[in-house]
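J.: Output the structure for:
(2 chains)
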Amino acid sequence: DAKTTQPPSMDCAEGRAANLPCNHSTISGNEYVYWYRQIHSQGPQYIIHGLKNNETNEMASLIITEDRKSSTLILPHATLRDTAVYYCIVRVGARDNQGGKLIFGQGTELSVKP
Amino acid sequence: DTGVSQDPRHKITKRGQNVTFRCDPISEHNRLYWYRQTLGQGPEFLTYFQNEAQLEKSRLLSDRFSAERPKGSFSTLEIQRTEQGDSAMYLCASSLGLGADTQYFGPGTRLTVL
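T.: Now for the predicted structure:
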């Protein structure tokens, strides 16, 4: 079973920030928080990941709470092309040699509207 | 394009036939993963390789399924005696096998069993 909880759907106006929440209350100290998205009929696309600190890249920002029990993915200026299913996943890294398979939940279906 | 590639992108077959899919990972990625995704669901882990060694198999991988990665580079997934329930998107991902071990996905192979 997935270790994360996400709202099933969200709407966002084009040009506004999209804030996607994720709860992972049972996260272990060695588990990373990953975000992927999947546009219809395509393979999942990696967005960002973090362990403890907030992270930012060209696609998004990841805010992890201090207790690491929840996080928020922020798309600063959503466009229509950001319409997709967004998956929040927690998993260990390679050093822990546990295979690191990704366990996907249902994700959040984000609809960006004009 | 140096991303993960999969071939074919689409496959239509009749029930009872055998099918084989190929995945070419990102160069120098040691780990290669196979996932399956049915309509409306998130991807589900099938199996993964560390170089040429198959280290983990899901119980979803019945005895009709076999995966190989003979030289630690490309991988094949074969399904024998296909059933209509095998209709799905088959996704391949690869990773370095180091650090956070981010997985990058290919476009997938869409299998339809008639």
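J.: Would you mark the buried spots in stretch A:11-22?
T.: Within stretch A:11-22, the residues that count as buried by 16 or more other C-beta atoms under 10 Å in any protein chain shown are A:12, A:18, A:20, A:22. From N, CA and C alone the C-beta is placed, and that goes for glycine too.
J.: and which of those is nearest B:Gln80?
T.: A:Cys22 (38.8 Å; C-beta to C-beta).
J.: Would you mind giving the buried residues of stretch A:11-22 as TSV with distance to chain B added?
T.: Shown next, in TSV, are the buried residues of stretch A:11-22 (distance: C-beta to the nearest C-beta, whole Å):
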residue	distance to chain B
A:Cys12	21
A:Ala18	19
A:Leu20	15
A:Cys22	14
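J.: Point out the residues in chain B that sit beside chain A.
T.: Taking C-beta under 8 Å from any C-beta of the partner chain, the part of chain B that reaches chain A is made up of B:4, B:31, B:33, B:35, B:41-45, B:48, B:55-56, B:89, B:91, B:93, B:95-108, B:110.
J.: For ChimeraX, what selects the buried ones among the residues you listed?
T.: Restricted to buried positions by 16+ other C-beta under 10 Å, the ChimeraX selection for the residues of chain B next to chain A reads:
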select /B:4,31,33,35,42,43,44,45,48,56,89,91,93,95,96,97,100,101,102,103,104,105,106,107,108,110
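J.: out of the residues of chain B next to chain A, which are inside helices?
T.: Of those, none are assigned to helices by DSSP state H.
J.: quick one: which of the residues of chain B next to chain A sit in strands?
T.: Secondary structure assignment (DSSP state E) places B:31, B:33, B:35, B:44-45, B:48, B:55-56, B:89, B:91, B:93, B:95, B:104-105, B:110 from the residues of chain B next to chain A within strands.
J.: what's the nearest residue to residue 70 if we skip its chain neighbours?
T.: Picked chain A for this. On the basis of C-beta to C-beta, 6 or more residues apart in numbering or on different chains, the spatially nearest residue to A:Ser70 that is not a chain neighbour turns out to be A:Asn23, at 4.9 Å.
J.: actually chain B
T.: Sequence neighbours aside, B:Glu52 is the residue nearest to B:Pro70 in space, at 6.3 Å (criterion: C-beta to C-beta, 6+ apart).
J.: What's the nearest residue in chain B when you look at chain A?
T.: Of the residues in chain B, the one nearest chain A is B:Gly42, at a distance of 3.1 Å by C-beta to the nearest C-beta.
J.: looking at chain A, which helix or strand does the model trust least?
T.: Least confident element among the helices and strands of chain A, by mean pLDDT, DSSP states H and E: strand A:84-92 (a mean of 92).
J.: Report all helices and strands that the next helix-or-strand element following it contacts.
T.: Under the assignment DSSP states H and E, the closest C-terminal helix or strand after strand A:84-92 is strand A:108-113. With contacts defined as 3 or more C-beta pairs under 8 Å, 6 or more residues apart in numbering or on different chains; DSSP states H and E, strand A:108-113 has these neighbours: strand A:9-13, strand A:18-23, strand A:84-92.
J.: Direction included, what does the last one pair against?
T.: Within its sheet, strand A:84-92 is paired with strand A:31-38 (antiparallel), strand A:108-113 (antiparallel), according to DSSP bridges.
J.: No further questions, thank you.
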